[in-house]
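Engineer: fold the following, please.
(4 chains)
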2 protein chains.
Amino acid sequence: MPAKRDEPKQQPGAGCPVRGVLDRIGDQWSLLTLAALEEGKKRFNELLREIGDISKQMLSKTLKHLEQDGFIRRTVYPEVPPRVEYELTEMGRSFLVPMKALIGWADRNHAAIKSARQRYETV
Amino acid sequence: MPAKRDEPKQQPGAGCPVRGVLDRIGDQWSLLTLAALEEGKKRFNELLREIGDISKQMLSKTLKHLEQDGFIRRTVYPEVPPRVEYELTEMGRSFLVPMKALIGWADRNHAAIKSARQRYETV
DNA sequence: GCGATCTAGTCTAAAAAAGAGACTATGGAG
DNA sequence: CTCCATAGTCTCTTTTTTAGACTAGATCGC
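Structural biologist: Numbering: from 1, shown residues only, chains lettered A, B, ... in the order given. I've put the predicted structure just below:
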């Protein structure tokens, strides 16, 4: 067993390495992009259409970050018009597991959240 | 087993109700704030110090949203100096389950992500 | 042949969001 | 009497995001 470093609890402090990961996946579009890639490889415009309300610039940036962090793989086909395909790496796929747990929770609870919002409004 | 509603697949499209939830929890600070509240009720400045690099304005906004959506409860004590405490609701606590799965994944994989980033830089 | 169209992005200018720091009222410590 | 602490909000500045124009070269209609 590897020596566990003195890390008594999950501290949300700024130094924590988990923070670096959380900041990335919690950037509004990353989760959506990864979810869209669950079904298989997709092209840039395909992702753009599927996600719907993301701008090309943000999609571009998000994909770049995800590639950088090893979640997805980018393949360029030297054709005209250009073709670029994005797909999940092994790590990206492994991330789907907790992500889907989160989505499942959201799915089960969005009604409760909606009613909480309405309740709040009327006050 | 409850009747499954006709939901052929998780579409990440803009209309999906899950999106509303995801947009909220994926706003950079919500996850951190909820994580900080895991240990019990906390005061405003206490959260501010613990999270560290959040501004008071963003913490205020995040807390307001989380309260609005029923994740947390806000209690004001009419004292001077003012005292306000935040704590997770039942729903908020139930959210910790998938959130911790996510944090666990991040914890297991942050090394791989870091090395992917470095590999990318050198190219 | 000739222009329109498709692709994956990038660039720019304008709009929105976030950050830093001052400010509020009140009571207690020194 | 002066300074600190509390939970925010307000304003001003800086950063981020958006919308839309632009690129190159093959292919389509005509």
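
Engineer: tell me the pLDDT at the nearest residue to A:Leu37 once chain neighbours are set aside?
Structural biologist: Nearest residue to A:Leu37, sequence neighbours excluded (CB to CB, 6 or more residues apart in numbering or on different chains): A:Leu88, at 5.2 Å. Quick note: C-beta positions are derived from backbone N, CA and C, even for glycine. On the pLDDT scale, A:Leu88 is placed at 98.

Engineer: ok, now A:Leu34?
Structural biologist: On pLDDT, A:Leu34 comes in at 96.

Engineer: tell me what the helix or strand where it lies is packed against?
Structural biologist: For A:Leu34, the element it lies in under DSSP states H and E is helix A:30-36. With contacts taken as 3 or more CB pairs under 8 Å, 6 or more residues apart in numbering or on different chains; DSSP states H and E, helix A:30-36 sits against helix A:44-51, helix A:56-68, helix A:90-122, helix B:17-25.

Engineer: what residues does chain A have near DNA strand D?
Structural biologist: A:27-28, A:54-58, A:61, A:80-82 (CB under 7 Å from any atom of the strand).

Engineer: quick check: angle from the lowest-mean-pLDDT helix or strand in chain A to helix A:56-68?
Structural biologist: When each helix and strand of chain A is scored by mean pLDDT, DSSP states H and E, helix A:17-25 comes last, with a mean of 85. Helix A:17-25 and helix A:56-68 are oriented at 140 degrees to each other (axes from the mean of the first three to the mean of the last three CA atoms, to 10 degrees).

Engineer: quick one: buried residues of helix A:17-25?
Structural biologist: The neighbour-count check on helix A:17-25 (16 or more other CB atoms under 10 Å in any protein chain shown) flags A:18-19, A:21-22, A:24-25 as buried.

Engineer: I would like the residues contacting that helix, please.
Structural biologist: Helix A:17-25 is contacted from outside by A:10, A:12-13, A:30-31, A:65, A:69, A:95, B:26, B:28, B:31-32, B:102-103, B:106-107, B:109-110, B:113-114, using CB atoms under 8 Å, 6 or more residues apart in numbering or on different chains.

Engineer: show me which positions of stretch A:21-39 end up buried.
Structural biologist: Using 16+ other CB under 10 Å as the test for burial, stretch A:21-39 gives A:21-22, A:24-38.

Engineer: coming back round to it: winner for burial among the helices and strands packed on helix A:30-36?
Structural biologist: Mean neighbours per residue, mean count of other CB atoms under 10 Å in any protein chain shown, is largest over the helices and strands packed on helix A:30-36 for helix B:17-25, with a mean of 19.
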